[in-house]
Each structure stands twice: as structure tokens, then as C-alpha cells.
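In: the following comprises the amino acid sequence and a computationally predicted model.
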Amino acid sequence: MQQVVISKHGAPGVLEHMVYDDIEPEAGEVRIKVAFVGVNFADIMARMGLYPAAPPPPCVVGYEVSGTIEAVGEGVDDLAVGTEVCALTRFGGYSSKLCVPRDFVVEIPRGMRLDVAAALPVQYLTAYFALHDLANLKPNETVLIHAAAGGVGLAAVELARHRKARILGTASPRKHEMLEDLGVHHPIDYRNQDYEEVVRSICPEGVDIVLDPLGGPNWQKNRRLLRPFGRHVMYGVSHLAAGRTKRSLLRVLSTFGTMKKLSPVALMQKSHSALGLNLLALADDPGSHGRIQDALEHLMTLFVEHVIDPRVDVIFPFSEAHLAHKYIQDRKNLGKVLLVPDPD
């Protein structure tokens, strides 16, 4: 089988395309012949040495795949060989064959392409849990979605549109027309404008929800934008990697230095909520597996009902995984970036 390996922490060039022996599923697992692999910002953070949960190099990352079941382990009797599926993977996703626990695998509906299926699990689950389970988005509420043209951002736009929310989204100017077509009422140019000032001019009273993958000084800015009963959902610290190809200790210290301690008293005084989301931690919690499975199945229903339509931007072969990482870090993507195994 093929794998893309992080040989050491560093720039995209540390990714190596390698070949290993095939693996067999253990009890409760299925083996998937991988068609496509989703690339996420967490992969880039792991490559740079900025993701504490990632295994030390050499290691294989990757959190979502699509493909076809080619073997099942003992105890798996509800998924058959030949079934097309998508799956969450706790690392190891950059592989042409992969064994995954049954709990993290869902059959894809008729009419869903395998590339689209690989664009769904991580980002749509993140957006779904952030908006539905944590923020409890209600109709006519206002939500600010950062990185709105990225994978989680686009998923959040679709889900918020379905809830009939008022949507503000930050993105570079070339992506604004697409966002407006998808239902963003106010695209915001974060590169040339102070988004806090722009949001205040649009919503003097503040917003109900902020989806924040940025971290750093943005945590305080976003919290200032909340109106009473506002919810600040934090699910990343992409500020650490912005404009970087490898880890900078000074950037790490500076970033966390700007993230002031959260005061429960301040939250009470303003009637605000601070909410955190870590999909990997949910996958590590056996008690959350049923919730993940239910959410994945519900997302498949939303796809069939044409509520969501995962957008695939570009696909790179395993041998060019370094270009996929660079593409995302350069903020070129309009949707999901995928990897595909090289021809055998």
C-alpha cells in the first residue's frame, strides 16, 4: 500500500511518498481501498509540529477518506465487501488502504461521488457540531463565519443557510462572488479591512454566533463582537501557521500570549458563552461514537435532500502531497483539497 509520511517537522517538502505491505482488519474494523483522502489544516499543523495530539514523526496523518470496503473484521456484519463508504480516521488517512473502526464508517448514498464523499466527514461534522450541538443556531440569528471559503466555512454556510440565518463571512476578495452565490449576505475582506470594524458597521448590536478557527488576537476581537446571549465557538488556532512553512517558537509564544485567560465573571456580565470543539477528542471518547455516527448519517440525508453539496476544489496525487499543503497554506482553495493514490 502507498502512504504519505511526515518524515520530520518542517516545510511541505518533508512529506514523503512511500510503499508498505498491506494490512488486515482486526475485530470490529473494516479495510477500505481508498479512493480519495481529505486534506485538512490540522494535517498542516501536524507537519509543522504545531499539533500536540499528532504522533511524532515519522508518522502518517489524515482524518477522512472515501473508498470501497475490501475486507471486514470479526464482528462486522452490517457492512459488506464492495460497499462504497466514507470514514473518519484517527491519523493514518494518507494511505491507499486503511483499517478503520466500524463506528467511524458510513455508507454513502446513491448518487454521491467518492470525491465528494471524502470532502464531507471532518469539515461537515465540525460545522454541524459547532452550529447545531454547541451554538444551537436559531432561524434569523446572525452568524460570523471566519475562513468562509474554506472547507469548514463552506459547510457552515450551507448549514446556516438551511437554518435561515443571516450570514457574514470573512474571505479574500476573489472568493466573495462565490460566497454570495452560496448565501453569504455580507462577505468581508479580512486582508484589506479590519473585520471587527466592518462587522460593527453591519451589525451595531453585535452578532449571535462567531465560528472561530483563528485563535491568537482574534479571540478577543471576536468576543467583543458578541451581543447578549452570543456564542463564541473556537475550533482551531490557524494564526500559528499563517504565512509560515515551519514552526516558529516566537510565533507560538506570541500567539498564546495574545489569548488572554477567559474570565467567567466577564462571561456572566455580558451573558456570553465560550465554546470549544475538538473533533479528534470526540473520536477518542467512546461515549461520543454514537453521536458521530448519527451526525454522519444525518449529513448524508441532508446531501440527498440537496441541503448540502460538498465542494471539491482540486485533487493532488500522493506524490504531490507537498503541493496540496502549500496550496492550502497559500489560501488558494475554494473548498476541499483532496489527495488520490498514485497509479500502482
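Out: All right, it came through fine.
In: can you count the residues close to D133?
Out: Burial of D133 is recorded as 12 neighbouring residues (other C-beta atoms under 10 Å). For every residue, glycine as well, the C-beta is placed using N, CA and C.
In: in this structure A283 contacts V100, no?
Out: No. Assessed by C-beta atoms under 8 Å, A283 is found out of contact with V100, at 10.8 Å.
In: which elements pack onto the helix or strand containing L302?
Out: For L302, the element it lies in under DSSP states H and E is helix 289-304. Packed against helix 289-304 by the contact rule (3 or more C-beta pairs under 8 Å, 6 or more residues apart in numbering; DSSP states H and E) you find strand 84-88, strand 105-107, helix 121-128, helix 279-284.
In: for this structure, where's the lowest mean pLDDT among helices and strands?
Out: Scoring the helices and strands of the chain by mean pLDDT, DSSP states H and E places helix 249-258 at the bottom, with a mean of 54.
In: just the residues contacting stretch 261-274, thanks.
Out: Residues from elsewhere that reach stretch 261-274 (C-beta atoms under 8 Å, 6 or more residues apart in numbering): R223, L226, P228, F229, G230, R231, H232, M234.
In: among those residues, name the buried ones.
Out: The neighbour-count test (16 or more other C-beta atoms under 10 Å) marks R223, L226, G230, R231, H232, M234 as buried among the contacts of stretch 261-274.
In: would you map the helices across the protein?
Out: Assigned helices in the chain, in chain order: 41-48, 114-118, 121-128, 151-162, 176-182, 195-202, 218-224, 249-258, 264-270, 279-284, 289-304, 321-329 (criterion: DSSP state H).
In: care to break this structure down by domain?
Out: Domains of the chain are assigned by automatic domain parsing as 2-120+311-340, 122-277.
In: of the ones you listed, which approaches F303 most closely?
Out: domain 2-120+311-340 (6.1 Å; C-beta to C-beta).
In: if we can go back for a sec, columns pLDDT on top of the buried ones among the contacts of stretch 261-274, output as a markdown table?
Out: Conversion of the buried ones among the contacts of stretch 261-274 to a markdown table gives the following (pLDDT from 0 to 100):
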| residue | pLDDT |
| --- | --- |
| R223 | 94 |
| L226 | 98 |
| G230 | 98 |
| R231 | 98 |
| H232 | 97 |
| M234 | 94 |
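In: now, among the residues you listed, which is nearest to V105?
Out: Taking the buried ones among the contacts of stretch 261-274 together and measuring to V105 by C-beta to C-beta, the closest member is M234, at 28.5 Å.
In: if I pick V100, what's in contact with it?
Out: E29, V30, R31, I32, V65, A87, L88, T89.
In: contacting residues around the fifth one?
Out: Pointing back at V65 there. Residues in contact with V65 (C-beta under 8 Å, 6+ apart) are 32, 34-38, 86-87, 89, 93, 95, 98, 100, 118.
In: one more time with 6 Å
Out: V34, V37, A87, T89, G93 (C-beta atoms under 6 Å, 6 or more residues apart in numbering).
In: including distance to L279, could those residues go into CSV?
Out: Formatted as CSV, the contacts of V65 follow (distance: C-beta to C-beta, whole Å):
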residue, distance to L279
V34, 20
V37, 16
A87, 13
T89, 12
G93, 13
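In: which of those residues ranks first by neighbour count?
Out: V37 (32 neighbours).
In: identify the residue nearest that residue in space, chain neighbours excluded?
Out: L339 (4.2 Å; C-beta to C-beta, 6 or more residues apart in numbering).
In: beta-bridge partners for the one you found, please?
Out: L339 forms beta bridges with V37, F316, as assigned by DSSP bridges.
In: just use 35 as the starting number from now, easier for me
Out: Will do, 35 is the new start, and the previous item becomes L373.
In: state the pLDDT value of it.
Out: With respect to pLDDT, L373 has a value of 98.
In: next, count neighbours for it.
Out: 27.
In: now the one 5 residues further on
Out: Residues contacting D378 under the criterion other C-beta under 10 Å number 7.
In: do you know how far it is from K131?
Out: 11 Å (C-beta to C-beta, to the nearest Å).
In: now do E98
Out: For E98 relative to K131 (C-beta to C-beta), the value is 15 Å.
In: who has more neighbours, these two?
Out: Comparing E98 with K131 by neighbour count (other C-beta under 10 Å), the higher total belongs to E98, at 27 against 20.
In: how about the contacts of stretch 295-308, which pair is most distant?
Out: Across the contacts of stretch 295-308 (C-beta to C-beta), the longest gap, 19.3 Å, separates P262 and M268.
In: sorry, back to before: any chance of the contacts of V99 in CSV, with pLDDT and distance to I57 too?
Out: Supplementary listing: the contacts of V99 in CSV, determined by pLDDT from 0 to 100; distance: C-beta to C-beta, whole Å:
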residue, pLDDT, distance to I57
V68, 98, 12
V71, 98, 16
A121, 97, 15
T123, 95, 13
G127, 97, 14
